[in-house]
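Asker: quick one: sequence and predicted model below, then my questions.
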Amino acid sequence: MSQSKGTLYFIGEWDVFTGEQSIYTKIGIVKDEREVKDREKDHRTGNPRSLESVEDIQSPSVQTLETFMHNSLAKFRVGSEEWLQLDNQQLSKQINLAMDLAKEYWRGNN
C-alpha cells in the first residue's frame, strides 16, 4: 500500500432536535489539499442528523492508519465499513490509539 500524508477523521453525529450525540462514528481519511470540513459536507447529504468532526489526526501514512483502525474495529461496524457503533469511552480509546499510532508513523518517517 502506498504511503501518503493526510488526515484521519472521526465524524460523530448529533440529533438535530435534542442535541444528543449518537453512538455512530465514521472513520475516514482525506488526502492532499482536501479538508475534513469538505467530507463532513459530503456525508451530510441525505442524513437528517448533524455531523461534525470529533477529532482530526495528521499522519504520514494515513491509509495504513485508516486500514488498521477499520480492521481492529470490525466488530463495531454498522452498515458500511466506515460507520461504527462506539460509546463515548470506546471512541475516546480509539482516538487515543490512532494518535499514538500516528506519532509512531511520524517517527518512522523522519
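Answerer: Cool, got the structure.
Asker: relative to residue 33, how far out is residue 61?
Answerer: Residue 61 sits 18 Å away from residue 33, taking C-beta to C-beta, to the nearest Å as the criterion. Backbone N, C-alpha and C define where each C-beta goes, glycine included.
Asker: show me which of these two is the more surrounded one.
Answerer: When residue 61 and residue 33 are compared for neighbours, residue 61 comes out ahead with 23 against 6, by other C-beta atoms under 10 Å.
Asker: hmm, residue 11 and residue 95 touching each other?
Answerer: No: taking contacts as C-beta atoms under 8 Å, residue 95 lies outside contact range of residue 11: 11.9 Å.
Asker: and for those two, which residues touch both?
Answerer: Residues touching both residue 95 and residue 11 by C-beta atoms under 8 Å, 6 or more residues apart in numbering: residue 54.
Asker: higher neighbour count, those two?
Answerer: Neighbours around residue 95 and residue 11, counted as other C-beta under 10 Å, are more numerous at residue 11. The numbers are 22 against 19.
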